[in-house]
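Asker: Here is a sequence with its predicted model. Questions after.
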Amino acid sequence: MVRPRSQEAHERVLRAALELFGERGIDATSMDAIAQSSGVSKATIYNHWANKEVLLIDVMLMVNGLDRDPEDVDTGDVCKDLTTVLTRRPPDQFDGPRERMMPAMIAYSAVHSEFGEAWRHRVMEPSRIALKKILRRGIKRSLLPATLNMDAAMALLLGPLLYGHIFHKEAHTQPFDFGGYAAESFWRAYSVAKAKSPTGTSRALRVVNAKRSSATEDAKG
């Protein structure tokens, strides 16, 4: 019978790999180096990770908060539930390591196309699954049209986040809640009732507008 994995050893391997990948790059980091840094034998590491790419996936899932299934959300308010999923953020404790890792990750994914495709799938799929659950509940409850195209809905909801990640991050210091804006816009466009969003669903937009007003007032002196 296979013994249960030691959680402590598991975390040591992930954290050692994260540090080495960030410092040396992915290609220059060997499983031997990870074993030496973590204090976990290479044999034990290979028992749980078939190769370095599998380990790399787990490292990136950890720092992005995707190493566990996201909690399903069902408040009865479609817009609020969409906003919750679209505004989820990765763990603050990994902000530094994640920033150091991303350039190496992007470069590695560009060269190793199969790995890049697998990683993109793992990153996007949890959010897609959660969003589709919310939309299907909305359809079942007659809050959204039965003819709603799921692929188009995913593009409309996730597209603004991708735009923000690619174009907005470096060019703007003032944060903008693309997730809240996407959820609110989608709800207003597709709600069967075409009613005003219930209390609480415009929270994200109100926060953004409040920040903008504050920034404007500060600029005026």
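Answerer: Arrived safely, thanks for sending. Bear in mind that the values here come from a model prediction, so they are computed numbers and not experimental data.

Asker: any idea which helix is longest in this protein?
Answerer: For the chain, the helix with the greatest residue count under DSSP state H is helix 113-140.

Asker: Lowest-scoring secondary structure element of this structure by mean pLDDT?
Answerer: When the helices and strands of the chain are compared on mean pLDDT, DSSP states H and E, helix 203-220 comes out lowest with a mean of 49.

Asker: List of residues touching stretch 106-114?
Answerer: By CB atoms under 8 Å, 6 or more residues apart in numbering, the residues outside stretch 106-114 that reach it are 25, 26, 27, 53, 56, 115, 116, 119, 120. All C-beta spots, glycine's among them, are computed from the backbone N, C-alpha and C.

Asker: picking that back up, flag every buried residue along the longest helix of the chain.
Answerer: The neighbour-count criterion (16 or more other CB atoms under 10 Å) identifies 115, 119, 126, 127, 128, 130, 131, 134, 135, 137, 138, 139 as the buried residues of helix 113-140.

Asker: Do you have the helices of the chain handy? List them.
Answerer: Assigned by DSSP H, the chain shows helices spanning 7-24, 31-38, 42-48, 52-63, 78-86, 95-111, 113-140, 150-163, 178-190, 203-220.

Asker: Now the shortest one: buried residues?
Answerer: Applying a neighbour-count criterion of 16+ other CB under 10 Å, the buried positions in helix 42-48 are 44, 45.

Asker: Summarise which helices and strands it is packed against.
Answerer: Helices and strands in packing contact with helix 42-48 are listed as helix 7-24, helix 31-38; criterion 3 or more CB pairs under 8 Å, 6 or more residues apart in numbering; DSSP states H and E.

Asker: If we use 10 Å, what do you get?
Answerer: Judged by 3 or more CB pairs under 10 Å, 6 or more residues apart in numbering; DSSP states H and E, helix 42-48 is in contact with helix 7-24, helix 31-38, helix 52-63.

Asker: what's the angle from the longest helix of the chain to helix 150-163?
Answerer: In this structure, helix 113-140 runs at an angle of 120 degrees to helix 150-163, with axes from the mean of the first three to the mean of the last three CA atoms, to 10 degrees as the basis.

Asker: So which of the contacts of stretch 106-114 is the closest to residue 186?
Answerer: For the contacts of stretch 106-114, the residue nearest residue 186 by CB to CB is residue 120; the value is 22.4 Å.

Asker: Relative to residue 49, how far out is the closest one?
Answerer: Relative to residue 49, residue 120 is positioned 20 Å away (CB to CB, to the nearest Å).
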